[in-house]
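Trainee: Show me the folded form of this:
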Amino acid sequence: MYDSFDAILSDLRAKPGLPKGAIVAGADDAHVLEAVFAAQELGIVTPVLVGVKEAVEKVLEQEGYTGRAYELVPIPSGTNPSEAAVRLIKEGKGDFIVKGKMETRDLLKPILNKETGLNKNGFITHFGYMQLKSYHKMLAISDCAVIPYPTLADKAKIIKAGVESLHRLGYQKPVVGVLCAAETVNSKMPETEDAAKLQQMAEAGEFGEAVVIGPLSYDLATRKESAEIKGYDSPYAGEVDMLLVPQLVTGNVMSKIWNCDPDNIMAGCLVGADIPIVLTSRSASMEEKLNSILLCTVFS
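Mentor: You can find the predicted model right below:
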């Protein structure tokens, strides 16, 4: 378990297998290139830039990156750079994909293609990982970007993908808190019923080495003091490692509120596919994009 992104980077650089191949789909994006070349300076990636040659070279020149080491894979104007990125992954020329200047739906379409894509498991979810000044350890959250209204079956798959990601980060038995507006089951609030069922599934061993508790309010998930005040008796109160949000909008709003505070450090990627995928908001800072690349480097 880590307490900071710096600790993840330090541990990663001490291990063999670097640098990883970061394939940037739609590389004519100055902010993404800044993060990718910063990751290159740290010794963790080798950039593979996919895009229209003239457009990518223009940005490289404007940003002063023409002297850097990179591979440029040109594509015809009007074609989807994600198609070339998927092909490069299949050819063994990269380890993960970074979203550049393109729409998320266009990025995902070739990846999700049942015949030629990179989604053998048939399920992709967003995994957020955060270093929050208000919490005593790193905190994961899912799903904030892919599945708007997850069913109970979707939530179970999200937990499995999140737990697997946390295992990759060194957690032996991560604690997942299923967020609801209250900590009691209420038939008028179906997400609380889902939460109770997910806890039962975890107790039956369906998620492997993991603990799932729910329904659980945010204050109980992150503050032991709140649990004491409310009389909520659980050894996991204030100690969760991952938050499962009931709907995409909940996680999206929460993460953007946290992101307004510069002391909070964020990262996000898609997991569940054959390879991890860096996916951040277009307004994300360079630091967030860099940490997301770091996260995908760990997962690849």
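Trainee: mind giving me the domain ranges of this protein?
Mentor: 1-119+273-300, 125-270 (automatic domain parsing).
Trainee: Isn't N119 up against D274?
Mentor: Yes - here N119 reaches D274: they are 6.8 Å apart, a contact under CB atoms under 8 Å. Quick note: C-beta positions are derived from backbone N, CA and C, even for glycine.
Trainee: so can I have CSV of the domains of the chain showing mean neighbour count?
Mentor: Shown next, in CSV, are the domains of the chain (neighbours: other CB atoms under 10 Å):
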stretch, mean neighbour count
domain 1-119+273-300, 19
domain 125-270, 19
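Trainee: right, and the helix or strand after the longest helix anywhere in the chain?
Mentor: If each helix of the chain is counted by residues according to DSSP state H, the longest one is helix 152-168. Stepping forward along the backbone from helix 152-168, the first helix or strand reached (DSSP states H and E) is strand 175-179.
Trainee: Restricting the selection to alpha carbons, write that next one to CSV.
Mentor: What follows is strand 175-179, C-alpha atoms only, in CSV (Å, rounded to 0.1, in the frame of the first residue of the first chain):
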residue,chain,number,x,y,z
VAL,A,175,-11.7,-2.6,1.7
VAL,A,176,-14.5,-1.4,-0.6
GLY,A,177,-17.2,0.9,0.7
VAL,A,178,-20.4,0.9,-1.3
LEU,A,179,-21.6,4.5,-1.0
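Trainee: Would you map the helices across the protein?
Mentor: So, for the chain - with DSSP H - the helices run 5-13, 30-41, 53-63, 81-90, 104-112, 152-168, 190-203, 218-222, 224-230, 248-259, 286-299.
Trainee: Which secondary structure elements does the last one sit against?
Mentor: Same thing as helix 286-299. Under the contact definition 3 or more CB pairs under 8 Å, 6 or more residues apart in numbering; DSSP states H and E, helix 286-299 sits against helix 5-13, strand 20-25, helix 30-41, strand 96-99, strand 125-131, helix 152-168, strand 265-271, strand 277-278.
Trainee: Next one: Y218 from G177, what distance?
Mentor: Separation of Y218 from G177 (CB to CB, to the nearest Å): 8 Å.
Trainee: what residues are shared contacts of those two?
Mentor: Counting by CB atoms under 8 Å, 6 or more residues apart in numbering, the shared contacts of Y218 and G177 are L243.
Trainee: Adding mean pLDDT, write the domains of the chain out as JSON lines.
Mentor: JSON lines is the format used below for the domains of the chain (pLDDT from 0 to 100):
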{"stretch": "domain 1-119+273-300", "mean pLDDT": "96"}
{"stretch": "domain 125-270", "mean pLDDT": "96"}
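Trainee: Excluding chain neighbours, what is closest to G26?
Mentor: Leaving aside its sequence neighbours, G26 sits nearest to G100 (CB to CB, 6 or more residues apart in numbering; 3.3 Å).
Trainee: quick one, phi psi at that neighbour?
Mentor: Backbone torsions for G100, taken as degrees, to the nearest 10, come to phi -100, psi -130.
Trainee: for it, what are its contacts?
Mentor: V24, A25, G26, A27, D28, D29, V32, V50, G51, P81.
Trainee: Which of these sits closest to L270?
Mentor: The closest of the contacts of G100 to L270 turns out to be A25 (CB to CB; 12.5 Å).
Trainee: I figured that closest one was touching L88, is that so?
Mentor: No - using CB under 8 Å as the test, A25 is too far from L88 to be in contact (9.4 Å).
Trainee: Give me the common contacts of the two.
Mentor: Looking at what touches both A25 and L88 (by CB under 8 Å, 6+ apart), the common residues are V50.
Trainee: Can you give me the distance of L107 to K157?
Mentor: From L107 across to K157, the span is 20 Å (CB to CB).
Trainee: brain fart, G67
Mentor: With distances taken as CB to CB, G67 is found 45 Å from K157.
Trainee: F96 too?
Mentor: 21 Å.
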